[in-house]
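# can you look at this prediction? I've put the sequence above it.
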Amino acid sequence: MATSQFSFIEEHFWALVNKSQVKEAETFLESFREDTNPTCQRMCGHLRGQMHLENGDADRAIQIFETTLQNHGSHIRLVCDLACGLYMKDQKTKWRFVKQKLEQLLQLHDERLCMDTKYRVLLCLAKFDEEEGKVGEAMQKLNALLTLLDPTQEASKSVRVMAQLLRIRSASGTAVGLGAIYRSVLELQQKETSFTSYVDAQHALILAEYCLCNSEIALARMKKLFELPKCTEADKALVFYDLLDLALIRVSEDSEWSAFKAFATAWTHRPPPTEILEEKLWCIFEILEAQTDNFPLQQLQQDLTEMTVASQIRILSIIAARFPNTQSSIQRNFNLLLDSLSQTSQRYWRQRGGFETQEIAKIKLHLIGTKLTWNTKQIDLEAKPSLIRFISHCLSFREALTAGQKIPIENFQTAGSKHQIGLTESDHDRLRMTVFHLNKIVKTKWETGPILKWKKDGVYLLVDLILYRPT
């Protein structure tokens, strides 16, 4: 069967489905049952499963996808849709296994994939990374997608990717760095796009406007979106509870919170919570509304392990932000969740607030012999004696150093220095290069920004450090 025939089958099938002629679409696929071409059989199974997935019947879709894979072989788009179905049904163990297989297939076939397939797979993997708390990796995939898309030719795809980036950035609760990407999404969403892309864009713009502008502008956009006949209850729930999450985390914005509360309590058609995260968010909202002194911390922490990593972190950070006396009780769980994530992802979640910065933004630097450990990652500095000497110098002062603190360098002896007191110009040059190399190492090896700033009178810390003495 030629490629053109496969295209005809797919186009005709979706034309029938889009006209709500589901039985006719099924009958059309059945007409190819006797075809012995495995590619044809795999495509028919895939299309049938996609139809059920789009209609909300994830159980049936998963069954069809798995049977098709077993009987007719693997295909990256089929594996991708299976992962989506498992994610929708919250089958975490199978979902993670299929997600890993999808990542392997992408790595194996990356250069041979068409743009549509690569777009679909990277967009899904970015969402999966986000749900596992790996927002740094998610944004990396989305940025990679942007470099492949031409917004003048693929406006619908471009706006959807930009919207995901804006939504993720806005959900951190800060307006820093939002302006440029907000303007891009605002411009792109005015072009002709699919309704799905349009909803994604409005979703992101609502969150961004809550951070950048005020709640009235964000709520006005949300009301306008919800009035559209094609906006489903699922769309409304997703947008509303994401905005509730943002309103809860921005504790310093009292006027915005008051406006959101007035809207949420007056909205008679508010979509009910459909998942644990939404239930927890609404529970916190009701506790704040009741202004009760009896905060049910244990109740809110129940079932957290049933949620994705990102959802757990979101709830814990909100509890800590809204009820500061609970911080010590939940900080250990918060830190454990963050410990396995990259530095980029950790910085994102910490930026949301919820724990005092000085308590969670500390970086553990441990030096034993030539082995330097940065939190849980390690590098051997055997060929870098200047770095070892400088870190040992830092350790000679105290075990904890805070951002903005100056590390005195008057008596620091650089490699090759012949002076016991004070530094020569050559010493300063060597020290400056040492600081440069250390910043370069942490940026390359540990995915973080510079930790030191060199000045003539000393070296200044840009982050909080916990320094452990050599043993």
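Looks like it came in fine.
# following the helix or strand containing residue 311, which helix or strand shows up next?
If you go by DSSP states H and E, residue 311 is part of helix 309-322. Note on helix 309-322: by DSSP H and E, the next helix or strand toward the C-terminus is helix 327-339.
# rewinding a little: what packs against the helix holding residue 311?
helix 115-131, helix 233-249, helix 276-290, helix 297-301, helix 327-339 (3 or more CB pairs under 8 Å, 6 or more residues apart in numbering; DSSP states H and E). Glycine gets a C-beta too; all of them are placed from N, C-alpha and C.
# contacts for it next, please.
Outside helix 309-322, the residues that touch it by CB atoms under 8 Å, 6 or more residues apart in numbering are 130-133, 135, 245, 248-249, 251, 276-277, 280-281, 284, 288, 297, 300, 304-305, 307, 326-327, 330-331, 333-334, 337-338, 349, 352-355.
# how many other residues sit next to the residue nearest to residue 285 when sequence neighbours are not counted?
Of all residues not flanking residue 285 in the chain, residue 244 sits nearest, at 6.3 Å (CB to CB, 6 or more residues apart in numbering). Residues lying near residue 244 (other CB atoms under 10 Å) number 20.
# quick check: residue 244 vs residue 217, distance?
According to CB to CB, to the nearest Å, residue 244 and residue 217 sit 17 Å apart.
# of the contacts of helix 309-322, buried ones?
Burial by neighbour count, 16 or more other CB atoms under 10 Å: within the contacts of helix 309-322 this picks out 130-133, 135, 245, 248-249, 251, 276-277, 280-281, 284, 300, 304, 307, 326-327, 330-331, 334, 337-338, 349, 352-355.
# relative to residue 215, how far out is the residue nearest to residue 285?
12 Å.
# same check on residue 8?
Going from residue 8 to residue 215 by CB to CB gives 50 Å.
# more neighbours: the two, which one.
residue 215 (24 against 12).
# dump the residue contacts of that one.
247, 255-257, 259-260, 263.
# which among those gets closest to residue 22?
Closest approach between the contacts of residue 215 and residue 22, by CB to CB: residue 263, at 37.9 Å.
# count of residues packed around that closest one?
Neighbourhood size, residue 263 [other CB under 10 Å]: 19.
# give me the secondary structure label for it.
helix (DSSP: H, G, I helix; E, B strand; the rest coil).
# touching, it and residue 220? I think so.
No - between residue 263 and residue 220 there is no contact under CB atoms under 8 Å: 10.1 Å.
# okay if I get the helices and strands packed on helix 309-322 as TSV plus mean pLDDT and distance to residue 26?
Below are the helices and strands packed on helix 309-322 laid out as TSV (pLDDT from 0 to 100; distance: least, CB to CB, whole Å):
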stretch	mean pLDDT	distance to residue 26
helix 115-131	92	24
helix 233-249	92	24
helix 276-290	88	34
helix 297-301	74	45
helix 327-339	80	44
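# how about the ones you listed, which one is nearest residue 270?
For the helices and strands packed on helix 309-322, proximity to residue 270 was assessed by CB to CB; helix 233-249 is nearest, at 6.8 Å.
# which neighbouring elements make contact with the closest one?
Using 3+ CB pairs under 8 Å, 6+ apart, the elements in contact with helix 233-249 are helix 195-212, helix 215-226, helix 254-266, helix 276-290, helix 309-322.
# any idea which of these has the lowest pLDDT on average?
Lowest mean pLDDT of these: helix 254-266, a mean of 82.
# can you pull the buried residues of that one?
256-257, 259-261, 263-264.
# so where's the stretch 301-450 of the chain uncertain?
Applying pLDDT under 70 to the stretch 301-450 of the chain flags the ranges 327, 353-369, 374-377, 395-405, 408-423, 443, 445-450.
# which stretches of it form strands?
Assigned by DSSP state E, counting those that start in this stretch, the strands in the stretch 301-450 of the chain fall at 362-368, 371-374, 377-380, 400-401, 406-407.
# how far does the last one sit from its chain's centre?
This points to strand 406-407. The chain centre lies 35 Å from the centre of strand 406-407; the measure is CA atoms, centre = their mean, to the nearest Å.
# distance of residue 182 relative to residue 434?
Taken as CB to CB, the span from residue 182 to residue 434 is 40 Å.
# same question for residue 151.
Distance, residue 151 to residue 434, by CB to CB: 44 Å.
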